[in-house]
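In: Using only what follows, build the 3D model:
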Amino acid sequence: MNSALITGANRSIGLETAKQLSEKGYFVYLGSRNLENGIEVVNDLTENGYKNIKAIQIDVTNAESILAAKNTIEQEQGKLDVLINNAGILGALPQEASIASLNGIRETFETNFFGVINVTQTFMDLLKKSENPRISNITSGLGSLTLHSDPSWKYYAIKGVSYVASKAALNAFTITLAYELRDLPFKINAIDPGYTATDFNHFSGPGSVESAANFIVKHTITDKNGPTGKFFSNDIEDESEESPW
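Out: Down below sits the predicted model:
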């Protein structure tokens, strides 16, 4: 059975992604910073018929927590087929570039950027044991510098030096990692689930968590000829669903 780890998966898009991967026959590790919260969610899923989902404690800002999660998955599975780096934070406000606090920016980067790198590097040896390893870095359309430079873009006025910069950096990491591993069977992409109604944005987004998760799964579970090093967005009204960087 293929296995998947989703960070920040005890609610919203991450939780729905776990449910959809479970339905596709994956053994899913539902990553939660607070293990008790994760266990409560998994118990509820089990009561509703979901199988092969297990809560695992992982705080992407804590190296010991990441390593402990890796050791658990290695002991239980021997490999990891899918890593979905979903955990993320908006960061402290205000985020105007001229006044945002450095500590606030650093805190956002710790989760959205450095946390992803630490998790990815820690799990790399388990991913290399998979026949078809997949890494999806959950980003945002707000991480597109091209779109942020276009006054006609519908979200042009939404700027935030902490969040925007952290997602742009995450996109850059995705490009460089995909290039480095281009000769291996990895498929590594940045995926923007779109502006989705979640507690992250006070439920202001027009999209549903079901649509967001379906988009993530679609661009994660690809065949051997699937793309790598791409940026896909659920908000792009184009058949390719590719976003400019």
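
In: residues in contact with the most centrally placed residue in the chain?
Out: The residue lying closest to the centre of the chain (Cα atoms, centre = their mean) is residue 86, at 2.5 Å. Residues near residue 86 by Cβ atoms under 8 Å, 6 or more residues apart in numbering: 6-9, 13-14, 17, 31, 138, 216. C-betas here are computed from N, CA, C, even on glycine.

In: Next, give me the two most distant ones among these.
Out: Across the contacts of residue 86, the longest distance by Cβ to Cβ is 14.3 Å; it joins 31 and 216.

In: ok, those two, which is more surrounded?
Out: Between residue 31 and residue 216, residue 31 has the larger neighbour count (other Cβ atoms under 10 Å), namely 30 against 27.

In: By residue count, which helix of the protein is the longest?
Out: Secondary structure of the chain per DSSP state H: the longest helix is helix 161-180.

In: just checking, next helix/strand downstream of that helix?
Out: strand 187-192 (DSSP states H and E).

In: helices or strands next to that next one in the packing?
Out: Applying 3 or more Cβ pairs under 8 Å, 6 or more residues apart in numbering; DSSP states H and E, one finds that strand 187-192 makes contact with strand 134-138, helix 161-180, helix 209-220, strand 231-233.

In: Go through these and name the closest to residue 110.
Out: Among the helices and strands packed on strand 187-192, the nearest to residue 110 by Cβ to Cβ is helix 161-180 (9.1 Å).

In: Give the buried residues for that closest one.
Out: Buried residues in helix 161-180, counted by 16 or more other Cβ atoms under 10 Å: 161-171, 173-175, 177-178.

In: Just list what it packs against, helices and strands only.
Out: If contacts are counted by 3+ Cβ pairs under 8 Å, 6+ apart, helix 161-180 sits against helix 102-109, helix 115-127, strand 134-138, strand 187-192.

In: could I get these as a markdown table with distance to residue 50 and mean pLDDT?
Out: As requested, those are arranged in a markdown table below (distance: least, Cβ to Cβ, whole Å; pLDDT from 0 to 100):
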| stretch | distance to residue 50 | mean pLDDT |
| --- | --- | --- |
| helix 102-109 | 32 | 98 |
| helix 115-127 | 23 | 98 |
| strand 134-138 | 21 | 99 |
| strand 187-192 | 22 | 98 |
